[in-house]
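Asker: With the sequence up front, the predicted model follows.
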Amino acid sequence: MKQKSLTIREKKQAIKRLVFSTSFRIGLVGMIMCVLVLNVMQTAVVSTKGYDINTYEKQILKLEQENRKLDVQIAKHRSMVSIQERLSPLGLVNAQTPEYVTLVGSTMAQR
């Protein structure tokens, strides 16, 4: 059996029947709905990520300010005035002019 080849007119009519068929329309509407649902889901995910990023940026700023405050406190505790204030409760006193001892007739080792 030989298959009958379709003419151009018959091919166009077959395509028109396919396009205007109910199953094609239902499939097309289904695909459009899937694309819309995926678009809405993606938009929701992106907006949630944006909110998270904003929250983290605020947290970073807060931690940077706290870090600067701690740097200032460290600088205050390292200052000479602060160190001297903390010496007296410990029973320590300031050093006076240092005296150096030189030994007379001492020998030093040489290599």
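Answerer: Thanks, I have the structure now. Numbers count the residues shown, from 1 in each chain.
Asker: any low-confidence regions in this structure?
Answerer: For the chain, the stretches with pLDDT under 70 are 1-3, 106-111.
Asker: how about the helices of it, start to end?
Answerer: Here the chain has its helices, by DSSP state H, at 8-19, 22-78, 80-87.
Asker: What angle do helix 22-78 and the last one make with each other?
Answerer: Per axes from the mean of the first three to the mean of the last three Cα atoms, to 10 degrees, the angle that helix 80-87 makes with helix 22-78 is 70 degrees.
Asker: just checking, what packs against helix 80-87?
Answerer: Here helix 80-87 touches no other helix or strand, going by 3 or more Cβ pairs under 8 Å, 6 or more residues apart in numbering; DSSP states H and E. (Each C-beta comes from the backbone N, C-alpha and C, glycine too.)
Asker: In CSV, could you pull the C-alpha coordinates for that helix?
Answerer: Provided in CSV are the C-alpha atoms of helix 80-87 (Å, rounded to 0.1, in the frame of the first residue of the first chain):
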residue,chain,number,x,y,z
MET,A,80,48.6,55.7,79.9
VAL,A,81,46.0,57.5,82.1
SER,A,82,43.8,54.5,82.3
ILE,A,83,46.8,52.2,83.0
GLN,A,84,48.0,54.5,85.8
GLU,A,85,44.5,54.6,87.3
ARG,A,86,44.4,50.8,87.4
LEU,A,87,47.8,50.5,89.1
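Asker: next one: it to chain centre, how far?
Answerer: Centre-to-centre, helix 80-87 and its host chain are 41 Å apart (Cα atoms, centre = their mean, to the nearest Å).
Asker: which residues are in contact with that helix?
Answerer: Lys76, His77, Val93, Asn94 (Cβ atoms under 8 Å, 6 or more residues apart in numbering).
Asker: The third one and Val81: what is the separation?
Answerer: This points to Val93. Per Cβ to Cβ, to the nearest Å, Val93 is found 16 Å from Val81.
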